[in-house]
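Novice: Dropping the sequence and predicted coords here.
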Amino acid sequence: MSPSRHVRTSQELRRLALSVLQPGFAGTVAPDWVLRAIGDGLSSVVLFARNIATPEQVARLAAGLRAENPELIIAIDEEAGDVTRLESWTGSTRPGNFALGAVDDLELTESVARDIGRELHAAGVSLDYAPSADVNSNPRNPVIGVRSFGAGPDLVARHTAAWIRGLQASGVAACAKHFPGHGDTAVDSHLGLPSYEASVAEIAATALPPFRAALEAGVRVVMTGHLLVPAYDAEHPATLSRAIVTDLLRGELGFDGLVVTDAIEMGAVADRYGIGGAAVAAIAAGCDAVCTGGERADAGMVDLLAGTLLEAVAAGELSEERLRGAADRVRGFAAWSTGLGQAVPTDAIRGDIGFAAARRAIRLSGAVDRSLPIPAAPHVAELVPTTNLAIGKETPWGVAAPLRERMPGTTFVRVHASQLTPDAGVLDELVLKPAVGRPLVVVVRDASRHDWMGCALARLVRAREDAIVVEMGLPGAERPGAVHIVTHGATTASGVAAAEALLARRPA
């Protein structure tokens, strides 16, 4: 081979390797290394909260990126609900999947998704890593929970399809995740490797129906989950499993679109295979694109992954044909999603359907007529759990802030597990004493899943039988409190809806 031919081949392979990466980056303006990488063949980027200041700024950022490649895929992980990037600093003005599933109005779900897509489309985003098509059949699941539409496959399938129809009608491509289903797990895949211990028949009946519905609704992207599914592959996590990606998703389900990995630096795969090794194994298994950059977002990560893919091709660990096939699917999706976006007019007008949906998701039980509206400014105690890494640490949640806006004199305290002692003295000092002679509102988030929170809540309700409890996570079987309010999510919209319920206010 002549030196010039060798150079052309090396450059071409590097373009292929770059094209299958979907990296993030730091800053609200595209760094030079990203622009150079797009010129060298990078076909996708992912936006995170760190890239977002205002909708107008995101639109300028997207336009600058597309000046390098008009068909660049600009992705974001905008589930709305508890997992939001566009509104990460303020909290989502729309409820998440669990709230929509609780209302169970397909037209509402489709409308909320269309509203999300309208905002993403105006900002220049072409791919949304949503919706979660996981069936949350394990109530102690630490990473899915209210990100799921619910615990039943039929419900989740209906709303997954409706969400996809709504989003894609707005000009933004949807992505069904986390294949083959992350709902019946007890380990957060950001931190370790979950295992889905179910038979092939059980998986077919419980986990797969929402993905089949997603395909029927026209989804063109599926994201794999980093979980072990022994019924199909006892050795490799789903993202790295040919049996799951190629045989099950491509073969049995007939999916011919783009398969993207969950973030490749997550502990479930990176701790066992290394980031580069996991990327190679994912492409070899049948994935087409590697999502990265949530934890490390720099040129070094892109160079590492591209270089590792090239080394794997040279060593025969990854065939050039498979790499080309993945790049072809990325290119095909880029063209399709560009056309999808161009076919829909940009609409930057904000609506209030999110708040309307959050109000419809509120459920009250107990002595509602005797206890609501609250007669005076309350003391609010918010019991704060550690959330999973999909939820931005900066994202606010709770009921105290919107309640203070509506009822001056409201006081509040936030209590963490680390503050509690066996004698519960902290609860007396921070919660019960300030609430003497006043209404007490206790706000929890997944109290049935956090033992410390459940114990603290039980202690407070025993001491104050008139306490009102607001559950902003997955509700348990019990409904403690004189009144128990379930919001089905911890978004800003859900907090406002709960505050309105406490004041027995309904919009005209």
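Specialist: Structure's in. What do you need?

Novice: T93 contacts G495, doesn't it?
Specialist: No - using Cβ atoms under 8 Å, T93 is not in contact with G495; the gap is 10.6 Å. Backbone N, C-alpha and C define where each C-beta goes, glycine included.

Novice: These two: who's more crowded?
Specialist: Taking neighbours as other Cβ atoms under 10 Å, T93 and G495 compare with G495 leading, 25 against 22.

Novice: Model confidence for the more buried one, exactly?
Specialist: The model reports G495 with a pLDDT of 98.

Novice: Same question for H484.
Specialist: Predicted confidence (pLDDT) for H484: 98.

Novice: which residues touch the helix or strand containing it?
Specialist: Assigned by DSSP states H and E, H484 falls within strand 483-486. Outside strand 483-486, the residues that touch it by Cβ atoms under 8 Å, 6 or more residues apart in numbering are 362-368, 371-372, 468-471, 475, 498, 501-502.

Novice: Then stretch 186-204?
Specialist: Contacts of stretch 186-204 (Cβ under 8 Å, 6+ apart): 138, 140-143, 180-182, 184-185, 206-207, 225-232, 237, 262, 266-269, 271-272, 388-390.

Novice: so how far is the strand holding H484 from its chain's centroid?
Specialist: Mean-position distance between strand 483-486 and its chain equals 26 Å (Cα atoms, centre = their mean, to the nearest Å).

Novice: swap in stretch 340-351?
Specialist: 23 Å.

Novice: The strand holding H484 - which strands sit beside it in the sheet, and in what orientation?
Specialist: When sheet partners are counted by DSSP bridges, strand 483-486 sits next to strand 363-366 (antiparallel), strand 468-471 (parallel).

Novice: out of these, nearest to V443?
Specialist: V443 sits nearest to strand 468-471 of all those, at 4.6 Å, using Cβ to Cβ.

Novice: can you pull the contacts of the nearest residue to V103 once chain neighbours are set aside?
Specialist: Leaving aside its sequence neighbours, V103 sits nearest to R360 (Cβ to Cβ, 6 or more residues apart in numbering; 4.8 Å). By Cβ under 8 Å, 6+ apart, the contact set of R360 is 103, 105, 108.

Novice: hmm, back to that, can you tell me which of the strands paired with strand 483-486 is packed in deepest?
Specialist: Stretch with highest mean neighbour count among those: strand 468-471 (a mean of 27; mean count of other Cβ atoms under 10 Å).

Novice: who touches that one?
Specialist: Contacts for strand 468-471 (Cβ under 8 Å, 6+ apart): 371-372, 374, 378, 399, 439-445, 447, 457, 461, 479-487, 498, 502.

Novice: what about the helix or strand containing L100, average pLDDT?
Specialist: Here L100 is covered by helix 97-103, with elements defined by DSSP H and E. Helix 97-103 comes out with an average pLDDT of 98.

Novice: Kindly report the same for stretch 408-422.
Specialist: Stretch 408-422 comes out at a mean pLDDT of 92.

Novice: Tell me the buried residues in that stretch?
Specialist: Neighbour-count burial for stretch 408-422, counted by 16 or more other Cβ atoms under 10 Å, picks out 410, 412-413, 415, 420.

Novice: Which of the contacts of strand 468-471 fall in strands?
Specialist: 440-444, 483-486 (DSSP state E).

Novice: Export those to CSV and append columns for neighbour count.
Specialist: Shown next, in CSV, are the ones in strands among the contacts of strand 468-471 (neighbours: other Cβ atoms under 10 Å):
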residue, neighbour count
L440, 24
V441, 27
V442, 28
V443, 28
V444, 26
V483, 23
H484, 21
I485, 26
V486, 23
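
Novice: from the residues you listed, which two are the most distant?
Specialist: L440 and V486, at 18.0 Å, using Cβ to Cβ across these.

Novice: Check whether A493 really touches I353, as I assumed.
Specialist: No - the criterion here is Cβ under 8 Å, and A493 misses it with I353 at 9.7 Å.

Novice: Which neighbours do those two have in common?
Specialist: R94.

Novice: Could you check the helix or strand where L310 lies and say which residues are buried?
Specialist: For L310, the host element (DSSP H and E) is helix 299-315. Within helix 299-315, the residues that count as buried by 16+ other Cβ under 10 Å are 301-302, 304-306, 308-310, 312-313.

Novice: Tabulate these (CSV), appending pLDDT and distance to R158.
Specialist: Shown next, in CSV, are the buried residues of helix 299-315 (pLDDT from 0 to 100; distance: Cβ to Cβ, whole Å):
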residue, pLDDT, distance to R158
M301, 93, 39
V302, 95, 39
L304, 95, 42
L305, 97, 37
A306, 96, 41
T308, 97, 41
L309, 97, 39
L310, 97, 44
A312, 97, 41
V313, 96, 43
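
Novice: so which of those comes closest to A122?
Specialist: Distance to A122 across the buried residues of helix 299-315 (Cβ to Cβ) is lowest for V302, with 28.0 Å.

Novice: Excluding covalently adjacent residues, which one is nearest to that closest one?
Specialist: P23 (5.2 Å).

Novice: count of neighbours near the residue nearest to L227 when sequence neighbours are not counted?
Specialist: If the residues on either side of it in the chain are set aside, L227 comes closest to P194, at 4.4 Å by Cβ to Cβ, 6+ apart. Close neighbours of P194, defined as other Cβ under 10 Å, add up to 25.

Novice: that older thread, how distant is the helix holding L100 from the center of its chain?
Specialist: Worked out by Cα atoms, centre = their mean, helix 97-103 lies 15 Å from the chain centre.

Novice: got the angle for the helix or strand following the helix holding L310 vs helix 299-315?
Specialist: As assigned by DSSP H and E, the chain's next helix or strand after helix 299-315 is helix 320-342. Angle, helix 320-342 to helix 299-315, by axes from the mean of the first three to the mean of the last three Cα atoms, to 10 degrees: 140 degrees.

Novice: chain center to helix 320-342: distance?
Specialist: For helix 320-342, the distance to the chain centre is 24 Å (Cα atoms, centre = their mean).

Novice: Thanks a lot, see you next time.
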